[in-house]
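>>> kindly return the folded structure for what I paste below:
(one chain, ligands or ions: 2)
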Amino acid sequence: MMNQQTKNRTNWLDLNGQKLVISGPCSAESEEQILETARALAQGGKVHYFRAGVWKPRTMPGCFEGIGKLALQWLKKAKEETGMKITVEVATPQHVYEAIKAGVDVLWIGARTTVNPFAVQDIADAVEGMDIPIFIKNPINPDIKLWMGAIERFRKAGITRIGLVHRGFSYLGETKYRNRPMWQIPIEMMITYPDLPMICDPSHICGNRTMLAEVAQKAIDLNFDGVMLESHPNPDKAWSDAKQQVKPERLLEIIDQLVLREARQDDELIQNNLELLRGEIDEIDSDLLAILGKRMEVAKRIGYFKKERNITILQQQRWEEIVQRFIDIGMENGLSKEFSVRLITAIHDESINNQETIFNETE
Ligand code: PEP
Ligand code: MN
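Ligands and ions are numbered 1, 2, ... in the order given. As a prediction, the model looks like this:
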């Protein structure tokens, strides 16, 4: 069952109560690969759009950068044969012209493009006056404003059918994901843009096959409007993103096993957002305490060093430098001077206690 709001935001997708499913390979590699994948995905009629990357933005030159416009002809064939609509990523005005010429039904903006307002504006200028739907992936970095900026640029260009794709955010720390989902960001977008459909791309969030179903279900539980998932007839041999692709048969199984829940009301969405933010706080607190533990280990090593050389524990000049550094870095991070001083005093007291224990140890 759909509530009114969900219905409104997916009206133009004509889903008839279903969740939107977009699938296909990360990259188009050959006509055979495209047709084989499309035919398999079309079984059961659950996949609404067939996707394939034709131009691939790669981090390093020399990787497979896509077949280019020739592949659009293969997609066109897949569409004619299976009836699935087709969607490709566009990153330049030239891509837009080629895609439209080939009858592509929906364009999507990749994460590496959404980060760049110049690139987004160029594409927005290219589609101005065209009646083409556009899906906008989140930017690679967790900067919600860039995502919003891209929506506004396309709206200003007169695009009325805009969808959002949550594909996670890159993160340098330790994480089990290829791109951390940071669910509170897409939820905030859903609250800010209640009229835009939001779908999830578990493939690029996970970076592997094992967590796909779990992440897709989480998105559905959060009242997302659908999923974009990569599929390939021979995933291990895929020319890009091999680890995260699944065979079309497995893809259909993942879709079939998704449990659709009663659509959530707005206040539930907000409550959910609160829970996610609290989860985020808990995660940060764990990191914070782990880092403080590490700091204390270093303080203890200093304690042993001072003891061996018979140096006093408290060195006034060093302490003053530490406090000043804390205040400066704290201010850069939006923390008040008072808070930074209280925090470093508490940490420093604990270090001194530890060092005193070391001084008092008898060998
Ligand atoms: C893709 O969909 O294959 C892709 C390149 O995704 P993203 O822009 O999310 O990295
Ligand atoms: Mn990919």
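>>> grab the nearest non-local neighbour of residue 148.
Among residues not flanking residue 148 along the chain, residue 192 sits closest, at 7.1 Å (C-beta to C-beta, 6 or more residues apart in numbering). Glycine gets a C-beta too; all of them are placed from N, C-alpha and C.
>>> and the pLDDT at the one you found?
On pLDDT, residue 192 comes in at 93.
>>> my guess is residue 239 contacts residue 64, does it?
Yes: the pair residue 239 / residue 64 is scored as a contact, 4.5 Å apart, by C-beta atoms under 8 Å.
>>> tell me, what's touching these two both at once?
Both residue 239 and residue 64 are contacted by residue 27, under the criterion C-beta atoms under 8 Å, 6 or more residues apart in numbering.
>>> ok, those two, which is more surrounded?
Each of residue 239 and residue 64 has its neighbours counted (other C-beta atoms under 10 Å); residue 239 has more, 19 against 14.
>>> what strand or helix carries that one?
Using DSSP states H and E, no element contains residue 239; it sits outside every helix and strand.
>>> for residue 72, see how far away it is.
According to C-beta to C-beta, to the nearest Å, residue 239 stands 17 Å off from residue 72.
>>> now the closest residue to ligand 1 within the stretch 101-250 of the chain: phi and psi?
Nearest residue of the stretch 101-250 of the chain to ligand 1, counting by C-beta to the nearest ligand atom: residue 110, 3.1 Å away. Backbone dihedrals for residue 110, given as degrees, to the nearest 10, come out at phi -80, psi 160.
>>> how many residues are close by it?
23.
>>> now do stretch 283-303: distance to the chain's middle.
29 Å (C-alpha atoms, centre = their mean, to the nearest Å).
>>> with stretch 98-108 instead?
That offset, for stretch 98-108, works out to 24 Å (C-alpha atoms, centre = their mean).
>>> again with stretch 18-30
Taking mean C-alpha positions (C-alpha atoms, centre = their mean), stretch 18-30 and its chain are 17 Å apart.
>>> buried ones in it?
18, 19, 20, 21, 22, 23, 24, 25, 26, 27, 28, 29 (16 or more other C-beta atoms under 10 Å).
>>> what do you get for stretch 56-73?
Here stretch 56-73 shows 56, 66, 67, 69, 71, 72 as buried, counting by 16+ other C-beta under 10 Å.
>>> and it, anywhere near ligand 2?
No: residues of stretch 56-73 are not located near ligand 2 by C-beta under 5 Å from the ion, the shortest gap being 7.8 Å.
>>> who's in contact with that stretch?
By C-beta under 8 Å, 6+ apart, stretch 56-73 touches 26-29, 31, 34, 52-55, 88-89, 91, 98-99, 101-102, 104, 110, 112-113, 239-240.
>>> ok, now with 10 Å
26-31, 33-34, 52-55, 74, 86, 88-89, 91, 94-95, 97-104, 110-113, 119, 238-241 (C-beta atoms under 10 Å, 6 or more residues apart in numbering).
>>> would you list the phi and psi of residue 51?
phi -110, psi 150.
>>> what do you get for residue 161?
Torsion angles, degrees, to the nearest 10, at residue 161: phi -100, psi 100.
>>> ok, it touching residue 151?
No: using C-beta atoms under 10 Å, residue 161 is not in contact with residue 151; the gap is 12.0 Å.
>>> mind checking the longest helix of this protein?
Longest helix in the chain, counting residues (DSSP state H): helix 266-309.
>>> show the contacting residues for the residue in the stretch 151-300 of the chain that ligand 2 sits nearest to.
Across the stretch 151-300 of the chain, the shortest distance to ligand 2 (C-beta to the ion) belongs to residue 241, at 3.8 Å. Residue 241 makes contact with 25, 26, 27, 53, 56, 178, 203, 204, 207, 230, 232, 235 under the criterion C-beta under 10 Å, 6+ apart.
>>> same for the longest helix of the chain, what does it pack against?
Helix 266-309 sits against helix 184-192, helix 337-360, with contacts defined as 3 or more C-beta pairs under 10 Å, 6 or more residues apart in numbering; DSSP states H and E.
>>> next SSE downstream of it?
Following helix 266-309 toward the C-terminus (DSSP H and E): helix 316-332.
>>> CA atoms of that next one as CSV?
Output of helix 316-332 as CSV, limited to C-alpha atoms (Å, rounded to 0.1, in the frame of the first residue of the first chain):
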residue,chain,number,x,y,z
GLN,A,316,54.7,23.9,31.7
GLN,A,317,55.8,25.1,28.3
ARG,A,318,54.7,21.9,26.6
TRP,A,319,51.3,22.1,28.4
GLU,A,320,50.7,25.7,27.3
GLU,A,321,51.5,24.6,23.7
ILE,A,322,49.0,21.7,23.9
VAL,A,323,46.2,23.9,25.2
GLN,A,324,46.8,26.6,22.5
ARG,A,325,46.8,23.9,19.8
PHE,A,326,43.5,22.5,21.2
ILE,A,327,41.9,25.9,21.2
ASP,A,328,43.0,26.6,17.6
ILE,A,329,42.0,23.2,16.2
GLY,A,330,38.8,23.3,18.3
MET,A,331,37.8,26.6,16.8
GLU,A,332,38.5,25.4,13.3
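>>> now it: average pLDDT?
Helix 316-332 comes out at a mean pLDDT of 93.
>>> then stretch 62-69?
93.
>>> what about that stretch, start to end distance?
19 Å (C-alpha to C-alpha, to the nearest Å).
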